[in-house]
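Asker: what's the 3D shape of this:
(one chain, ligands or ions: 2)
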Amino acid sequence: MYRVLITDPLSDQGIKPLIEADDIEVDQRLGLTEAELIRIIPEYDALLVRSQTKVTAAVIEAADKLKVIGRAGVGVDNIDLLAATRKGIVVVNAPDGNTISTAEHTFAMLMALARHIPQACAALKAGTWDRKAYVGVELAGKTLGIVGLGRIGSEVAKRAKAFHMRVVAYDPYLTEERAAKLGVEMADLDTVIAQADFLTVHTPLTKETRHLIGREAFRKMKDGVRILNCARGGIIDEAALYEAIQAGKVAGAALDVFEEEPPKNNPLVDLPQVIVTPHLGASTVEAQENVALDVCAEVLHILRGEPFKNAVNLPSIPEHVMKKVEPYYGLCEKLGRLVAHTLVGAPRAITVTYSGELTETDTSFLTRSILKGVLSYHLGPSVNFINAPHLAKERAIRVTEQKSNETSAFTNLITLEIASAQETRRASGTLLNGFGPRIVKIDGYAVDVAPEGHLILIRHFDRPGVIGRVGTILGQHGINIATMQVSRRDVGGHAMMILTVDKPASPDVLDTLGELAEIRSVTEIEW
Ligand SMILES: NC(=O)c1ccc[n+]([C@@H]2O[C@H](COP(=O)([O-])OP(=O)(O)OC[C@H]3O[C@@H](n4cnc5c(N)ncnc54)[C@H](O)[C@@H]3O)[C@@H](O)[C@H]2O)c1
Ligand SMILES: O=C(O)[C@H](O)COP(=O)(O)O
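Answerer: Numbers count the residues shown, from 1 in each chain. Ligands and ions are numbered 1, 2, ... in the order given. Below is the predicted model:
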């Protein structure tokens, strides 16, 4: 039974699949303090949040069993992603479900801002019939500047076009084709800022976008510009915006998000030129149901070990690539474990070479599997797909992935080489049609090993009687040999023996084997 904790309000309809799942127990505990969350989080396998819960490094540190943090929405700036990655916890979000609602909210704010609707409404309700004070401006013919033309920015652009606005946008990832398709003019940030009558931001909040619209930007704007932020508090420098409004440079602003939420003693909120909503962009019945359904489906997949797609701390992998690489996961992890077992010293450089049909595929997930296999040998079961590359980087292990066009007898071949300060070891594996994974080369010796069961790898000198002596020692300890392979490079030189045995050999037995004069090393492989 997996335990799932929900700490922010999520749509009842959206979380139904979790509530109804036989293998899931759901607890809803809203409004917890950080200390309370730290106290209870060790009991849970999954945590589901929106933007209120701050999933800090301290919360993640305490989360002993946590496998996944699900964000029912887009922004993950309330989650310490680095801490989650380090701990091997997948963070998934629901990036699509609230796009339309947020674009519609932005547009509602744009129109309310142009026509002073909230101010006029409040005045009339307070008994003032004042038509002169609330003269607005038309949208048609005006320029809308959009910073960040992703999902929401693009939907805002379409709506602005329908209102006959000119749209000019800046997004570093915007292509000419996409801009043309949306009927949007592409420009650099300064041009967008300088030409906009209305300026709206739709980027994530990152190191690069924090205070992207600050004092310098306001100086470059047209007099009487109107500003919107329905993305994240902090993209616009609130102090600079306040000054620009007070100075008469900015005619008005519409804010759904704030640097501190809820805003405390924020002078912007009190300005008559500023209209505000309490982070309502995604607050529609439809969006909340969509994001909760999406994130619950992802959480169920992750807990059940099934493929998932919206991980924020993993590169996304298209389904057709996933189909190609998935059969190799097991082989790659075992290849990693095998070489790690035989290596003397700590890994310093890991090189993975893919050849055959794998050269045409994105193999980064396979390299992650290999790293998992290598590092879990040294660091234990806490290593997984998510944190393996990060753990390698932290330990200054150089990881190189390369593709080779060299032909071989196999349709696909994965070769792993690990170097330590003392030595370099390598092994190659393949997936044999109908037979599954096979290790086909170890340190230059041709072998044919199914990576499973109890395996003993012996390096020895090619001398008469070695095989018999090994067999006798194992037999004396009641260890039955299931298969044996011996491979040598030169007659009388170095050789390798690989045994599969029916039960693991104790350290004493391995020591006895190692004491034989002809034996150079004995390694028992634990998959
Ligand atoms: N108010 C709300 O309730 C609400 C609801 C949903 C999303 N959001 C927020 O809206 C924002 C956009 O969401 P989305 O789903 O459209 O995300 P998205 O990832 O689809 O789009 C973001 C775009 O910003 C662009 N970008 C990144 N850095 C940039 C920079 N320095 N300058 C210009 N462009 C840059 C990216 O290339 C991308 O195209 C996010 O901050 C999200 O958290 C708010
Ligand atoms: O990033 C998002 O999805 C929005 O900001 C919505 O946040 P919320 O789920 O707290 O409404």
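
Asker: For the rest of this, base every contact and every neighbour count on C-alpha atoms.
Answerer: Will do.

Asker: Please compute how far the lowest-mean-pLDDT helix or strand in the chain lies from its chain's middle.
Answerer: Least confident helix or strand, the chain: helix 319-325 with a mean of 87, by mean pLDDT, DSSP states H and E. A distance of 17 Å separates the centroid of the chain from that of helix 319-325, by Cα atoms, centre = their mean, to the nearest Å.

Asker: Remind me what the next helix or strand after that helix packs against, helices and strands.
Answerer: Scanning forward in sequence from helix 319-325 by DSSP states H and E, the next helix or strand is helix 329-342. Judged by 3 or more Cα pairs under 8 Å, 6 or more residues apart in numbering; DSSP states H and E, helix 329-342 is in contact with helix 364-379, strand 412-419, strand 424-432, strand 436-442, strand 519-525.

Asker: if you set the cut-off to 10 Å instead, what comes out?
Answerer: Applying 3 or more Cα pairs under 10 Å, 6 or more residues apart in numbering; DSSP states H and E, one finds that helix 329-342 contacts strand 349-356, helix 364-379, strand 412-419, strand 424-432, strand 436-442, strand 454-461, strand 519-525.

Asker: does the nearest residue to Val90 once chain neighbours are set aside have beta-bridge partners, and which?
Answerer: Leaving aside its chain neighbours, Val90 sits nearest to Val68 (4.7 Å; criterion: Cα to Cα, 6 or more residues apart in numbering). Beta-bridge partners of Val68, counted by DSSP bridges, are Ala46, Val90.

Asker: Number the chain from 624, please
Answerer: With 624 as the first residue, the last one maps to Val691.

Asker: Val691 contacts Ile702, correct?
Answerer: No - Val691 lies out of contact with Ile702 (Cα atoms under 10 Å); the separation is 11.8 Å.

Asker: Return every residue with contacts to both of these two.
Answerer: Val714 (Cα atoms under 10 Å, 6 or more residues apart in numbering).

Asker: Show residues contacting the helix or strand hosting Pro741.
Answerer: Element membership of Pro741 [criterion: DSSP H and E] is helix 740-748. For helix 740-748, contacts defined as Cα under 10 Å, 6+ apart pick out 732, 734-736, 749-754, 756-759, 895-899.

Asker: For it, list the C-alpha coordinates in PDB.
Answerer: Extracted in PDB, the C-alpha atoms of helix 740-748 (Å, rounded to 0.1, in the frame of the first residue of the first chain):
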ATOM      1  CA  ILE A 740     -13.600  47.800 -14.500                       C
ATOM      2  CA  PRO A 741     -12.600  46.800 -10.900                       C
ATOM      3  CA  GLN A 742     -12.200  50.400  -9.800                       C
ATOM      4  CA  ALA A 743     -15.500  51.600 -11.500                       C
ATOM      5  CA  CYS A 744     -17.300  48.600 -10.000                       C
ATOM      6  CA  ALA A 745     -16.000  49.300  -6.500                       C
ATOM      7  CA  ALA A 746     -16.900  53.000  -6.800                       C
ATOM      8  CA  LEU A 747     -20.400  52.300  -8.000                       C
ATOM      9  CA  LYS A 748     -21.000  49.800  -5.200                       C
END
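
Asker: Just give me how far it sits from the chain centre.
Answerer: 45 Å.

Asker: Next: stretch 1053-1068.
Answerer: For stretch 1053-1068 - counting by Cα atoms, centre = their mean - the centre lies 31 Å from the chain centre.

Asker: pretty sure Ser777 contacts Ala802?
Answerer: Yes - using Cα under 10 Å, Ser777 makes contact with Ala802 at a distance of 9.2 Å.

Asker: Now for these two: what residues contact both?
Answerer: Shared contacts of Ser777 and Ala802, counting by Cα under 10 Å, 6+ apart, come down to Ala792.

Asker: Point to the residue nearest the middle of the protein.
Answerer: Central residue of the chain (Cα atoms, centre = their mean): Asn936, 1.7 Å from the mean position.

Asker: shouldn't that one be in contact with Gly711?
Answerer: Yes - between Asn936 and Gly711 there is a contact at 9.5 Å, judged by Cα under 10 Å.

Asker: Name the residues contacting each of those two.
Answerer: Leu705, Ile1009, Asn1010.

Asker: Count the neighbours of the first one for me.
Answerer: Leu705 is surrounded by 14 other residues when neighbours are defined as other Cα atoms under 10 Å.
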